[in-house]
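Chemist: Structure for the following, please:
(one chain, ligands or ions: 1)
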Amino acid sequence: MAQDTFQLSGNAADIYEAQKVPAMFGPLADAMLNIVPLDANDRDLDVACGTGIVARKVKERTDPPARVVGADLNEGMIGTAQSLSDPFARSCEWVVASAEDMPFENAEFTKVFCQQGLQFFPDQISALVEMRRVLADDGQIFITIWKEPSPFFTALAASIENHINKSLAEKSLAPFN
Ligand SMILES: C[S@@+](CC[C@H](N)C(=O)[O-])C[C@H]1O[C@@H](n2cnc3c(N)ncnc32)[C@H](O)[C@@H]1O
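Modeler: Model (predicted):
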């Protein structure tokens, strides 16, 4: 998959932040972080951070705030993360980087998060090896992916296939790969 596959056009990242984050990715981040023992001494990395909801919430939940870095392949997502006035967003570090080749030192982080990103990586094994490389030996990796398409997305894909085409229907199910 080409590097530009995930480059969003126009204000798509702002729309993602305004609509999808409050509706879905924010609550999902809370559900994950509610069962993760966070520590102010941690060095946290949010891989495929999008507009940075997990990174921001980790900042908010650590006192004093831990070091938190968000990395995403998409320049628009990182641009939106950098533009937010939220003080927790402003104190995170934001980096444009592919999950398969991250510009971080070995063992630089003690916790690595990847919320709903792994299914999109063209080379998932390389991304997992890379997450392990940047993780300290006693560190932890937290990954969330959907278990299966919901009835809504299954029905939506069937309708797209009926009324538009199969290729677009398959694309609509990419989050569940
Ligand atoms: C569904 S969004 C999830 C974003 C964020 N983790 C969240 O919970 O809001 C998937 C993200 O994966 C990113 N992505 C896709 N392929 C990537 C890659 N190879 N390396 C880094 N990020 C990637 C996209 O740019 C997008 O921001």
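Chemist: So what touches the helix ranked longest in the chain?
Modeler: Scanning the chain for the helix with the most residues, using DSSP state H, yields helix 151-163. Outside helix 151-163, the residues that touch it by Cβ atoms under 8 Å, 6 or more residues apart in numbering are 149, 168-170, 172-173, 175-176. To be clear about C-beta, it is placed using only N, CA and C from the backbone, and glycine gets the same treatment.
Chemist: May I see the buried residues of it?
Modeler: Of all the residues in helix 151-163, those buried under the rule 16 or more other Cβ atoms under 10 Å are 157, 160.
Chemist: for the record, mean pLDDT for that helix?
Modeler: Average pLDDT, helix 151-163: 96.
Chemist: what does the next helix or strand after that helix rub up against?
Modeler: Moving toward the C-terminus from helix 151-163, the next helix or strand (DSSP states H and E) is helix 166-172. Here helix 166-172 makes contact (Cβ under 8 Å, 6+ apart) with 153, 156-158, 160-161.
Chemist: Over to stretch 61-71?
Modeler: Here stretch 61-71 makes contact (Cβ under 8 Å, 6+ apart) with 33, 38-49, 52, 54-56, 58-59, 78, 81, 88, 91-97, 99, 102, 104, 109.
Chemist: Whichever of those end up buried, select them in ChimeraX.
Modeler: The ChimeraX selection below is limited to those of those classed as buried (16+ other Cβ under 10 Å):
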select :33,38,42,43,44,45,46,47,48,49,52,54,55,56,58,59,78,81,88,92,94,95,97,99,102,104,109
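Chemist: okay, now whatever residue of the chain ends up closest to the ligand: neighbour count?
Modeler: The minimum distance from the chain to the ligand, using Cβ to the nearest ligand atom, falls at residue 50 (2.6 Å). Residue 50 is flanked by 25 other residues according to other Cβ atoms under 10 Å.
Chemist: next one: residue 67
Modeler: Count around residue 67 with other Cβ under 10 Å applied: 19.
Chemist: measure it to residue 59 for me?
Modeler: 9 Å (Cβ to Cβ, to the nearest Å).
Chemist: can you redo the contacts of helix 166-172 as CSV with distance to the ligand?
Modeler: Converted to CSV, the contacts of helix 166-172 look like this (distance: Cβ to the nearest ligand atom, whole Å):
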residue, distance to the ligand
153, 13
156, 16
157, 17
158, 22
160, 19
161, 22
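Chemist: tell me which of these is nearest to residue 138?
Modeler: residue 153 (37.9 Å; Cβ to Cβ).
Chemist: Quickly note the distance from the closest one to residue 133.
Modeler: The value you get for residue 153 to residue 133, if Cβ to Cβ is used, is 34 Å.
Chemist: Then residue 95?
Modeler: Taking Cβ to Cβ as the measure, residue 95 falls 16 Å from residue 133.
Chemist: repeat for residue 16
Modeler: 28 Å.
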